Each structure stands twice: as structure tokens, then as C-alpha cells.
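Undergrad: structure for the following, please:
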Amino acid sequence: MFGVDCSDPGEFIATGGNDNAVKIWQTDGTFLKTLSKHNGLVRDIAFRSEGLMAASASDDGW
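TA: Okay, the predicted model is just below:
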């Protein structure tokens, strides 16, 4: 795992890594969703201050 961030209200965690996907979790560890649009390693993830939207950076340039 390379990218990780927690939403400001502390409700969600986003992780990303060498599987080219972003995974969304609740802070209690419950898995919610996989976002698999990247074609390269996910290097970083950041939630907006409201915690409702996140951005990810990958080796694929997106």
C-alpha cells in the first residue's frame, strides 16, 4: 500500500497501491468499494476538506 488518507469527519479511509485500485473503507475497518480506473501504481490519495470527494495520483498519469 502506498497512498492512504482519512476524510476530515473521520468517516472514511481511502487506500491505494500496486493493485492499481483505490479502496474505500469505513474507519471501523468495513470495506465499502473498489475504484479500479487506474492503469498504474496508486501513489497518493487526498480527501477534500469536506470528506465527500477524494483525488488519487497514479503512475499512469491520471
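Undergrad: where do the strands of the protein begin and end?
TA: Using DSSP state E, the strands of the chain run over 3-6, 12-16, 22-26, 31-35, 42-47, 54-58.
Undergrad: TSV for the ones you listed, including mean pLDDT and mean neighbour count?
TA: C-beta: built from backbone N, CA, C; applies to glycine. TSV is the format used below for those (pLDDT from 0 to 100; neighbours: other Cβ atoms under 10 Å):
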stretch	mean pLDDT	mean neighbour count
strand 3-6	90	17
strand 12-16	93	21
strand 22-26	93	17
strand 31-35	95	11
strand 42-47	91	18
strand 54-58	90	18
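Undergrad: touching, Trp25 and Thr34? I think so.
TA: No. With contact defined as Cβ atoms under 8 Å, Trp25 does not count as touching Thr34 (10.5 Å).
Undergrad: thought Ile24 was touching Glu11?
TA: No. If you go by Cβ under 8 Å, Ile24 and Glu11 don't touch, sitting 10.3 Å apart.
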